[in-house]
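Peer 1: dropping a prediction and its sequence here:
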Amino acid sequence: MKKILTCFILTLVLAVAMATIAFAGVRVMLDGEVLEFDVPPQIIDGRTMVPLRAIFEALGADIDWDAATQTVTATMDDVVAIMQVGNPAIKVAGDTVTLDVPPMIVDGRTLVPARAVAESFAIDVYWDGDTRTVVLATTSDEPWVIGIMTGTISQGEEYVTAGLMKQRFGYDRILTTTYPDFFGTEPELTIANIRALVDQGVHAIVIVQAPLGVTAAIQQVRADLDEEIFFFVGVPHESPSDIATHADVVVDMNHFLLGQAVAEQAVAMGAERFVHISFPRHLAMSNISYRRDRMIEVAEQHGLEWVDINAPDPMIVGFPASQMFIQENLPYWVAEYGQNTAFFTTNCAMQIPLISEIAVHGGLFVLLCCPGPFHGFPQAFGIDMTGRNGDVDFVLSQIAASIEAEGAIGRISTWPVPINTLLMETGVMYAIEFLEGRTNGRNDYEILRRVIAQVAAETYGLDANVFEVRRWSEFDGNLQNFYLVLSDFVTF
């Protein structure tokens, strides 16, 4: 299969006073905002160097530059720091500190070590090697700490987004953990990892997705602690009534309407039959079962032939075997059922081969089980997402280009919004609203709707109304803290 592979490796080596300077897309982030410099940050002998004036001004320090001696004096909150070009010794509040790399002039700008500058003014400094980011976090008087549980990087994009939340709010404010890859058979590990967050003193926990074991973990925490921890749960795998009884806020896709929406999208794409690929464990989940029943009902209304395919459960055979099942069989299914056959699988790992094989052999791909452009598509088409986390316009354009290159235009669609990462960020932002006293109790429908719209607009550059948010109780029962979201489709 022809794949679009993009790999950017930029290495530039200069000799400056016997120092090695490497440009590798280094960023500096202050309290969640990426700082912009006219001369880019550079790693010099293992230290990140940044333009002097820009970094001091970003931190709010007053600076005085003595051109004759090439000395800078910076003052912030009665703390005075003095640095001189070429001199590794700096003075901070009267004490002398020796730097590994002294201030230096590069491209007409004086560069100083970011860590030394920040620590001079009691700014917390962290190095995120995965994204090559220096994270600076000012101290806040607010006491909250939020824990995030996601799947591992093999499960989806939300693992990466959790790391970005740590950068944004501080590594001491956001703590992260994961549930196991074999979450369906290892609920005890999920419970243990949630308890580990509790033991670290978090005030709220955001869990997206929420596999087997989450309800039991919340029950245990509620029973053991006098002071209740706030729980935000997204995309739960357990009984809606059970999880809603114990969590504070629960959000999922609108499975009451999603089955209809998927079937109607298949019809709009020209489908004549619909192939549903799943396995008993998934079909035992009420939301998946209801969605499938609704798909069948709407498909029959439009005259689509319905086909069920029983796939191997990844929790039993492993991810590679389940992916191989799709990869090996999709060409035969297309030959048997025809090019105008819509395929849908309920499993995350199976999305990658399903997308890539449909692009090559034909058929219609309507929607991911966890909708959005970041899940499955980058892996299926070899799209390099380095430095592009959350960049919806970029990934949509790359998916479109890949589909065009494969001659699959009009045969693949998805939601423009990444449901899991959006709900994970929404959970963090809502938890902050609650912990800082801006919600009407734990379950505030209006604040939740506002936060979802804000995240969609500010993080993903999408229309604030891209999601329809409704209560579960509008469709069934009385789950007042369970919310359902639905989005329009984008067809490539």
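Peer 2: Alright, I've got the coordinates.

Peer 1: helix or strand for residue 306, which one?
Peer 2: If you go by DSSP states H and E, residue 306 is part of strand 305-310.

Peer 1: tell me the buried residues in the helix or strand just after that strand?
Peer 2: Using DSSP H and E, the helix or strand that follows strand 305-310 towards the C-terminus is helix 314-317. Within helix 314-317, the residues scored as buried using 16 or more other CB atoms under 10 Å are 314-315. Quick note: C-beta positions are derived from backbone N, CA and C, even for glycine.

Peer 1: tell me the first helix or strand C-terminal of helix 314-317.
Peer 2: Where DSSP H and E defines the elements, the next helix or strand beyond helix 314-317 is helix 319-337.

Peer 1: contacts for that next one next, please.
Peer 2: Outside helix 319-337, the residues within contact range by CB atoms under 8 Å, 6 or more residues apart in numbering are 154, 181, 273, 275, 277, 307, 309, 311-314, 341, 343, 345, 347, 349-350, 352-354, 356-358, 361-363.

Peer 1: would you map the strands across the stretch 251-400 of the chain?
Peer 2: Read by DSSP state E, counting those that start in this stretch, the stretch 251-400 of the chain holds these strands, from start to end of the chain: 273-278, 305-310, 341-345, 364-365.

Peer 1: winner for burial among these?
Peer 2: Neighbour counts (mean count of other CB atoms under 10 Å) averaged over each of those peak at strand 364-365, with a mean of 28.

Peer 1: these two touch, right, residue 248 and residue 229?
Peer 2: No: using CB atoms under 8 Å as the test, residue 248 is too far from residue 229 to be in contact (9.1 Å).

Peer 1: run a quick neighbour tally on the closest residue to residue 111 other than its chain neighbours.
Peer 2: Sequence neighbours aside, residue 49 is the residue nearest to residue 111 in space, at 3.9 Å (criterion: CB to CB, 6 or more residues apart in numbering). Number of residues near residue 49 (other CB atoms under 10 Å) recorded here: 29.

Peer 1: give me the helices and strands touching the strand holding residue 306, please.
Peer 2: Applying 3 or more CB pairs under 8 Å, 6 or more residues apart in numbering; DSSP states H and E, one finds that strand 305-310 contacts strand 273-278, helix 286-301.

Peer 1: could you give the separation of that strand from the chain centroid?
Peer 2: Here strand 305-310 shows a centroid-to-chain-centroid distance of 32 Å under the convention CA atoms, centre = their mean, to the nearest Å.

Peer 1: adjacent strands (with direction) for that strand?
Peer 2: strand 273-278 (parallel) (DSSP bridges).

Peer 1: what angle separates the strand it pairs with from helix 286-301?
Peer 2: Here strand 273-278 runs at an angle of 170 degrees relative to helix 286-301 (axes from the mean of the first three to the mean of the last three CA atoms, to 10 degrees).

Peer 1: give me the pLDDT for the closest residue to residue 26 other than its chain neighbours.
Peer 2: Excluding the flanking residues, the one nearest residue 26 by CB to CB, 6+ apart is residue 41, at 4.4 Å. Residue 41 is assigned 89 on the pLDDT scale.

Peer 1: can you list phi and psi of residue 41 for me?
Peer 2: Backbone torsions of residue 41, given as degrees, to the nearest 10, read phi -60, psi 150.

Peer 1: what helix or strand is residue 147 on?
Peer 2: Using DSSP H and E, residue 147 maps to strand 146-150.

Peer 1: just for the stretch 101-250 of the chain, where's the confidence low?
Peer 2: 129-131, 139-142, 226-227 (pLDDT under 70).

Peer 1: and the helices in it?
Peer 2: Listed in chain order, the helices of the stretch 101-250 of the chain (DSSP state H, counting those that start in this stretch) span 114-120, 158-169, 187-199, 214-224, 240-246.

Peer 1: how about the ones you listed in CSV, adding mean neighbour count and distance to residue 434?
Peer 2: Listed next are those as CSV, based on neighbours: other CB atoms under 10 Å; distance: least, CB to CB, whole Å:
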stretch, mean neighbour count, distance to residue 434
helix 114-120, 22, 30
helix 158-169, 22, 15
helix 187-199, 17, 17
helix 214-224, 17, 16
helix 240-246, 19, 17
